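Novice: Attaching a predicted model along with its sequence, questions to come.
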Amino acid sequence: MRAQALSAGGGGALEDIMSITPIGRPFDGSGHKVTTASLREQKLRHEPITCLTAYDYASARLVDEAGIDMVLVGDSLAQTMLGYENTLSVTMDEMLHHVKAVRRGVKNALLVADMPYGSYQIDSKTAVSNAARFVKEGGAEVVKIEGGEKRADLIRQIIDAEIPVAGHIGLTPQSVNVMGGYKVQGKSLAGIEQLMRDAVALDRAGVACLYVEGVPREVAAMITAEVSAPTIGIGAGPECDGQVLVFHDILNLTFGPPAKFVRRYGDAAALITNAVQAFRADVRSRQYPADEESYHLPKETGAGLDAVLSRKRAMRR
Ligand code: KIV
């Protein structure tokens, strides 16, 4: 008789489960743990994959608890969290600091960490060792690397070190100086050919998923149909297997006009400004804190204190 997979508290034989590590299930047993394998199943089922960036514990918890499939600690935190001009300045240590905070807030979603500029371009040994830091120290489940076919060998080496890799092609912000700005890619026939070569090379190298940024929807659709890895689009049209947006973009926390592909789902800037201004006004008008927001002495201590104070007053007269 074929033994059943061990059910929660069931005590059956471990016939179908090869490890007691609950891959495919969150450690607290609730919800559905997203894995690289479940992402591929979603692609096969044509079930759209959702991904948002998060950079700290609170936003990570909110995103995860809302049921988003993938949380990306993007190097976009260089601008959104740290106020840098572009993504080129952010360091491994800065990225790791945020990945660790997000790890503590994410239970079900697949956690992807962006490898920052300079952490994988120099040599492959350093790249694999930096990727391993994201897994070992940061708790990331996947690392993301920008670039097309020229990254295929490196991606194989990182995967050989048991680290799943997400590719990122099209508009790759770490190449801003080479691209001469943040320009939509793949608009010419030669550009389309290059993008297709990039996508196929990374797919063959074994990427867990492929972020496709800033390309015409027709091109993203061709890539999505061609590769077995799920494509996660940003500014790449609706035919991708999934969509990613930047947390700060959907909440109006970027202090500037949004890109064409951004849809704003809330106005956190207005919410925060109103709350901060109301606090300021309450403090200045002495309406905060009220008596109910203050601690009080126990009755006996209050009575004792009154007695001491009136004795002192009497002595001063
Ligand atoms: O850094 C980031 O947020 C990203 C996404 C835009 C894909 O790479």
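Specialist: Thanks, I have the structure now.
Novice: Now for the residue in the chain that the ligand sits nearest to: which residues touch it?
Specialist: Closest residue of the chain to the ligand, Cβ to the nearest ligand atom: residue 74 (2.3 Å). No exception for glycine: its C-beta is placed from N, CA and C like everyone else's. The contact partners of residue 74, by Cβ atoms under 8 Å, 6 or more residues apart in numbering, come to 53, 55, 114, 144, 246.
Novice: now the nearest residue to residue 92 once chain neighbours are set aside: how far from residue 287?
Specialist: The shortest distance from residue 92 to any non-neighbouring residue, by Cβ to Cβ, 6 or more residues apart in numbering, is to residue 119 (5.1 Å). Look at residue 119 and residue 287: by Cβ to Cβ, to the nearest Å, they are 50 Å apart.
Novice: Those two: which is more packed in?
Specialist: Neighbour comparison, residue 119 and residue 287: the larger count goes to residue 119, with 22 against 10 (by other Cβ atoms under 10 Å).
Novice: My read is that that one contacts residue 93, right?
Specialist: No: Residue 119 lies out of contact with residue 93 (Cβ atoms under 8 Å); the separation is 10.3 Å.
Novice: Residues of the stretch 151-300 of the chain that sit close to the ligand?
Specialist: Neighbours of the ligand within the stretch 151-300 of the chain, by Cβ under 6 Å from any ligand atom: 211, 213, 234, 244, 246.
Novice: Let's see that with 8 Å instead.
Specialist: By the rule Cβ under 8 Å from any ligand atom, the part of the stretch 151-300 of the chain lying against the ligand is 168, 173, 211, 213, 232, 234, 244, 245, 246.
Novice: quick one: contacts for the fifth one?
Specialist: Looking back up the chat, that one is residue 232. Going by Cβ under 8 Å, 6+ apart, residue 232 touches 49, 51, 70, 166, 209-212, 240-244.
Novice: Just the ones of those in helices?
Specialist: Using DSSP state H, no member of those falls within helices.
Novice: pLDDT and neighbour count for the residues you listed - can I get that in CSV?
Specialist: Below are the contacts of residue 232 laid out as CSV (pLDDT from 0 to 100; neighbours: other Cβ atoms under 10 Å):
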residue, pLDDT, neighbour count
49, 98, 23
51, 99, 27
70, 98, 26
166, 99, 29
209, 99, 30
210, 99, 27
211, 99, 27
212, 98, 32
240, 98, 24
241, 98, 24
242, 98, 23
243, 99, 20
244, 99, 25
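Novice: contacting residues around the closest residue in space to residue 218 that isn't next to it in sequence?
Specialist: Nearest residue to residue 218, sequence neighbours excluded (Cβ to Cβ, 6+ apart): residue 237, at 7.6 Å. Residue 237 makes contacts with 216, 217, 218, 220, 221, as judged by Cβ under 8 Å, 6+ apart.
Novice: Mind doing that once more with 10 Å?
Specialist: Each residue near residue 237 by Cβ atoms under 10 Å, 6 or more residues apart in numbering is listed here: 212, 215, 216, 217, 218, 219, 220, 221, 224, 243, 261.
Novice: what about the fifth one, which SS state?
Specialist: Spelled out, that is residue 218. Three-state assignment for residue 218 (DSSP: H, G, I helix; E, B strand; the rest coil): helix.
Novice: Does residue 238 touch residue 218 like I think?
Specialist: No: using Cβ atoms under 10 Å, residue 238 is not in contact with residue 218, being 11.4 Å away.
Novice: For the most centrally placed residue in the chain, pull up the helix or strand it's in.
Specialist: Centrality entry for the chain: nearest residue to the mean C-alpha point is residue 72, 2.4 Å, by Cα atoms, centre = their mean. Using DSSP states H and E, residue 72 sits in strand 70-73.
Novice: other SSEs contacting that strand?
Specialist: Applying 3 or more Cβ pairs under 10 Å, 6 or more residues apart in numbering; DSSP states H and E, we find strand 70-73 packed against strand 49-53, helix 57-65, helix 92-105, strand 110-114, strand 142-146, strand 165-170, strand 231-234, strand 242-245.
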